[in-house]
Structure formats: structure tokens, C-alpha cells
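>>> Any chance you can model this:
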Amino acid sequence: MTGPKELLEQAEDEWRKTDLARAVQKSPLRRAEFHTDSGIPIPDLLTPADVGEPSAADVEKYRRDLGFPGQFPYTRGPQPTMYRGRLWTMRQFAGFGSPEDTNQRFKYLLEHGVTGLSTAFDMPALMGYDADHAMSRGEVGKEGVAVSTLKDFEVLFSGIPLDRVTTSMTINASAIFALCSYIAVPEKQGISQEKLGGTIQNDVLKEYIAQKEWVVGPRPATRIVIDMIEYTAKHMPRWHPVSISGYHIREAGATAIQELAFTLADGFGYVEECVKRGMDVDDLAARLSFFWDVHNDFFEEIAKFRAARRIYARVMKERFGATRPLSLMLRTHAQTAGVSLTAQQPYNNVVRVALQALAAVLGGTQSLHTNSLDETYALPTEEAVTIALRTQQILAYESGVDRAVDPLAGSYFVEYLTDETEKRCMDILAKIDSLGGIIRAIEEGYPQREIAESAYQWQREVDS
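Predicted coordinates for the structure are as follows:
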């Protein structure tokens, strides 16, 4: 009779012959073999079968709640090889002053090793005002780059190979202007939109919840988002038309679980509206991406990433009927927590950012921005942004975290936190469904009230 351990080993063997073999064929491993600095070999996968005699219940839970990397429910990561096959994208957020200023910063970052760009726009651009509008006075180029015309975009991305470098643009209410301009710039360089890879945030629902940069109500704004999803699904196969953002929700004072729940609710809200439009869920889901905050509670942040993938996969499969693996994989960008940084003793921020970045990597992020030590009181200097980038590079090339896939899987503490995070998140999602969905919940102020209460309680604890 075949025991639980043997059954798990058989399943692992099938995973190696199928998912792992396809992944390695598509993207070869970065090294022929992986080992510790002392020479201990690091296997490409470890499961309960490698550390004893798992019971039938242990194997059942592993197959149900964890699975193998690159397999449903993707708790252990969306790719079978994870960082053994490809490191996370080091995507540093930048934007200030004129398009010329930011173009120079982009080129500086590329010269120093970033593997993707991320664009910050100033307040007039975010709100849809030209730089010479009366409402723009005093704000031009202050919190991001100032762009008003197609010429500004041409200067902003001058000399940057947009068919080889992926770009993220953090803009929402006026995202359609930014996307159209971004399409037009490479067309003048002979690069078609089909070749463009990148992301536009375009997550208007979180604006009403947290960031408050919106120009029309949630329902018409959501229709524009769906228009853009529909267009890019047809014409831009490498483009992510919306990056559902928990970052701003967390920075507004939400807990990790609230960030997870409200962000997933936003994402499911967009999917629901796309399905109502008549789109096939498998035609759109693969192009959605998510954006998480990484805060100070190290293990809770890791559990959040793992729970997010599990919840997303299950809801997309069970509620929306998605069938393609790419439709079930939650892919994510992460940024260290700006709200955790202090203007006092700013060099302590380097340590905070390093720990937060490590949590994001151990949680399995696909892309990461590390904050600069001085951004609480100034536009980051070149020295500060270099330290922030070097933090990622040291993690990638000196720490060994790239060598093992989901190294914390099986930890009693991490698995407990992952399960508990999932349970509490699902409770909030059920509450939102009972209110009639996320748009109705926003109109009634439910997420806003919950975040305000959490922010108040946190501040009371800090002050006491």
C-alpha cells in the first residue's frame, strides 16, 4: 500500500516532469547548481516528505493549501523556479522637476543596475491639469515629474529603449492620457505597441478609499478603467493595464489584513465589471497585477504575500471560473513602507528598508522598489537612491535568499500566520459582498471608516 510520503513524492515527480521542466526550458536556471557558501547543495524543492514521515493529513493540507511552486493555489510562488530562474525586477520609483530632470535620473538608475523603471508624476498631472493652469501653481514638478504634452513624454523617455525596458507609471485619474502618450512615443521610434511591456497603475477604486486623487465618481471612473483593460487585452499583450494597489491603502493607516482585503476586493471588482462587459476572464486576468506595501512586521508581511496568492487563485477559479494557470497567478510589485521612515536619525531608515525588502523577497515578490533614506524630508539624492538600489543588489547577490524556493514553507509560525491572514481577509471580503460589492461599499464609506479607525488606534499606541 502506498503511504502518504510516497504519494507526495509521486506528485513531486510529476511536478518535475511537467511544470518544472517547462519553466526551465522557457527560462534556464541562473546557475548550473545552487549551494551554500560552505558547499551544502540546495535542492530545487523541499516538502514535508524531505523532513520526516508526514501523515495523510499533513500531505492533504500541503496539497490543498500550499501546493508546489507554480501550481495552484500558488502559495509557494507563481513560478516553479522563482529566483533560481529569474531574480525579481529591481524597479526604482523616480520622478521630479522637468522631463529632462527625470530622464537624467532614469538613465542614472539604469547605469547603476535597475532592471525596470517606475515613474512618479506631479500633482497637476495626477489630477489632469496642465502645468500652466492656475490650479497647478506651486505644485509643478514638486512630487513627481511635470508632464502636460506628448512632447514632455518624448523628452521623459528619450534615449531609453522602451522595447527592452519595462516601465511602470503611477497615475490613476488621468491614466488614459499617460497611456496614450506612452504608446505614441515609441511609435515615433518605430516600436509598435504590441512590443511594449510595463504597467500603468490605473486603480481608481483605491483613490476613493485612500489616496483621494480622483476627478469623477467611482462608477464612471471604473468604466474608463475597464475600457483600458479591454483595449490593452486586444492590442498590448505585454502590458498590465491596472496595478491594483494596496500600497496607498496601507500608507493611509490600514493594517496588513485590511490592505490585503480591500485591495483584493478592488481587483475582484474590476474583474466583475469586465465580465459584465462581456470579456472572457481568461483573456484579461493574466494582465492584472498587484502592488503591496511592505511594513515593519517582518513575518506578517511574508504571510500576507503568501495568503494573497492563495486567496486570489481560489476566488478567480471558484467565483469567476478562470481556468488558465496565468489567470490564477497573482503577480506582484512591492515597495518598502514610506510611512515607516523617520526624518529623525534618517540613517536608521536604511535598516528599516533592508528588513522590509527582505520580507518582500521571502514573500515571493516579482518586482521591488526600495525607498531612499532621505525621502521623508527631501527629493532623494543620487547617493540615497544608490544606497536603496544597492540594498536590493546585496540581497540578490550576497545573502543567498535567491537560492531556495519559498524557504519559509513549513515553518509552523509562518504557516499559522498565512492561514490566519487568509481567514481574516476572507471575513472582510464577505462583509464587502454583503454590502453589494466594493463600489457600493466605497459609496457607503465602509473601507474608509475602517482604515481611519485603524490609523487612529495606531497613532494612539505611538503616542501613549
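>>> only C-alpha atoms for contact and neighbour calcs from this point on.
Fine.
>>> Quick one: the helices in the stretch 201-350 of the chain, in order.
Secondary structure of the stretch 201-350 of the chain by DSSP state H, counting those that start in this stretch: the helices cover 205-206, 218-235, 247-251, 256-277, 281-284, 298-318, 325-328, 348-363.
>>> Can you tell me which of those is packed in deepest?
helix 205-206 (a mean of 29; mean count of other Cα atoms under 10 Å).
>>> Any chance you could list what contacts that one?
By Cα atoms under 8 Å, 6 or more residues apart in numbering, the residues outside helix 205-206 that reach it are 218, 222, 244-246, 248-249, 263, 266, 439.
>>> follow-up on the earlier one: to Arg86, which of the helices of the stretch 201-350 of the chain lies closest?
helix 348-363 (12.4 Å; Cα to Cα).
>>> by contact count, what packs against the closest one?
strand 288-294, helix 298-318, strand 332-336, helix 382-398 (3 or more Cα pairs under 8 Å, 6 or more residues apart in numbering; DSSP states H and E).
>>> low-scoring pLDDT stretches of the stretch 201-350 of the chain, where are they?
Residue ranges of the stretch 201-350 of the chain with pLDDT under 70: none are present.
>>> now the helices of the stretch 201-350 of the chain in TSV, with distance to Ala409?
As requested, the helices of the stretch 201-350 of the chain are exported to TSV (distance: least, Cα to Cα, whole Å):
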stretch	distance to Ala409
helix 205-206	31
helix 218-235	35
helix 247-251	25
helix 256-277	20
helix 281-284	29
helix 298-318	10
helix 325-328	20
helix 348-363	10
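>>> how about those helices, which one is nearest Thr166?
Nearest of the helices of the stretch 201-350 of the chain (Cα to Cα): helix 218-235, 15.4 Å.
>>> Out of the helices and strands packed on helix 348-363, the one nearest Ala125 is which?
Going by Cα to Cα, the one of the helices and strands packed on helix 348-363 nearest Ala125 is strand 288-294, 21.0 Å.
>>> Show me what that closest one is packed up against.
Using 3+ Cα pairs under 8 Å, 6+ apart: strand 288-294 touches strand 242-245, helix 247-251, strand 332-336, helix 348-363.
>>> got these as TSV, with distance to Glu207 columns?
Output for the helices and strands packed on strand 288-294, formatted as TSV (distance: least, Cα to Cα, whole Å):
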stretch	distance to Glu207
strand 242-245	9
helix 247-251	8
strand 332-336	18
helix 348-363	24
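>>> of those, which approaches Asp37 most closely?
Closest among those, using Cα to Cα: helix 348-363, at 19.1 Å.
>>> So Thr365 versus Ile302, what's the distance?
According to Cα to Cα, to the nearest Å, Thr365 and Ile302 sit 10 Å apart.
>>> and Ala94, backbone torsions?
Main-chain dihedrals, Ala94, degrees, to the nearest 10: phi -150, psi 150.
>>> Now do the contacts for it.
102, 105-106, 117-120, 144.
>>> among these, which are in helices?
Among those, DSSP state H puts 102, 105-106 in helices.
>>> how about those in TSV, adding neighbour count and pLDDT?
Output for the ones in helices among the contacts of Ala94, formatted as TSV (neighbours: other Cα atoms under 10 Å; pLDDT from 0 to 100):
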residue	neighbour count	pLDDT
Thr102	23	97
Arg105	18	96
Phe106	24	96
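>>> Format the residues you listed as JSON lines; extra columns: distance to Asp65.
Formatted as JSON lines, those follow (distance: Cα to Cα, whole Å):
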{"residue": "Thr102", "distance to Asp65": "44"}
{"residue": "Arg105", "distance to Asp65": "43"}
{"residue": "Phe106", "distance to Asp65": "41"}
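>>> What segments of the stretch 351-464 of the chain are helices?
Using DSSP H, counting those that start in this stretch, helices in the stretch 351-464 of the chain cover 382-398, 412-434, 438-444, 446-463.
>>> nearest to Ala125, of these?
Comparing the helices of the stretch 351-464 of the chain under Cα to Cα, the one sitting nearest is helix 382-398, at 23.6 Å.
>>> Thanks a lot, catch you later.
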